[in-house]
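S.K.: Sequence first, then the predicted structure, then my questions.
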Amino acid sequence: MVKSRPPPEKNSLTTLLSQPPEITMNLESKPRKERILYPASQRAQAVLSVWTERRRPTEVCRELGITTALLSDWQERAMHGMLLALQPRRCAPAERGPALTTKLERLLHRQAQASETKLLKLDKRLAKLQQEPASSATAKDK
């Protein structure tokens with residue numbers, strides 16, 4: 001006869017290893033503060049009030065309910081934004097596009113042609129006037 005093994009005890013090592021571990025989470029942990037997103041104008045006002053020394057950083061942080069690290073981040077971002085805004089704008093000529101629009105180029109081209117036409121007419125008239133006195137002087141001599 002084959003001897004059967006007795007069932008394992010409840011606290012035996014094999015029983016503990018064969019069962020998945022119980023994961024207990026403390027669901028009643030401290031509630032997190034709800035994140036408030038401040039508009040850019042309010043962040044700028046907070047940073048400027050610190051920079052102009054109207055208010056101390058701790059006062060601003062307490063009033064807005066933020067950390068000093070967040071206020072420092074806002075100050076760095078504000079300074080970076082000002083520096084970028086005040087840099088001279090440099091871009092390649094190809095990025096700028098044409099200096100004149102096609103409509104303006106056509107208008108300038110027409111005006112240039114009109115002035116050339118006027119100059120040609122004036123040159124012809126001048127040449128004609130210069131020839132007349134010479135031809136009239138030869139007619140008077142006869």
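M.R.: Good, I have the coordinates.

S.K.: Convert the C-alpha atoms of the strand or helix carrying Ser41 to CSV, please.
M.R.: Using DSSP states H and E, the element containing Ser41 is helix 40-51. What follows is helix 40-51 as a C-alpha-only set of coordinates in CSV (Å, rounded to 0.1, in the frame of the first residue of the first chain):
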residue,chain,number,x,y,z
ALA,A,40,0.3,83.4,-16.9
SER,A,41,-0.8,86.9,-15.9
GLN,A,42,-1.1,85.8,-12.2
ARG,A,43,2.3,84.1,-12.3
ALA,A,44,3.9,87.1,-13.9
GLN,A,45,2.3,89.4,-11.3
ALA,A,46,3.6,87.1,-8.5
VAL,A,47,7.1,87.2,-10.0
LEU,A,48,7.1,90.9,-10.5
SER,A,49,5.9,91.6,-7.0
VAL,A,50,8.9,89.7,-5.7
TRP,A,51,11.4,91.3,-8.1
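
S.K.: ok, and for that helix, which residues are buried?
M.R.: Neighbour-count burial for helix 40-51 flags 43, 46-47, 49-50 (criterion: 16 or more other Cβ atoms under 10 Å). For the C-beta atoms, the positions are set from N, CA and C on the backbone; glycine is no exception.

S.K.: May I see those residues organised as TSV, with pLDDT and distance to Leu64 added?
M.R.: Output for the buried residues of helix 40-51, formatted as TSV (pLDDT from 0 to 100; distance: Cβ to Cβ, whole Å):
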residue	pLDDT	distance to Leu64
Arg43	94	9
Ala46	95	6
Val47	96	11
Ser49	95	11
Val50	95	11
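
S.K.: between these, which is closest to Thr67?
M.R.: The shortest gap between Thr67 and any of the buried residues of helix 40-51 belongs to Ala46, at 12.7 Å (Cβ to Cβ).

S.K.: nearest spatial neighbour of that closest one, skipping sequence neighbours?
M.R.: Val60 (5.0 Å; Cβ to Cβ, 6 or more residues apart in numbering).

S.K.: I'd like the distance between that neighbour and Gly81.
M.R.: Per Cβ to Cβ, to the nearest Å, Val60 is found 18 Å from Gly81.
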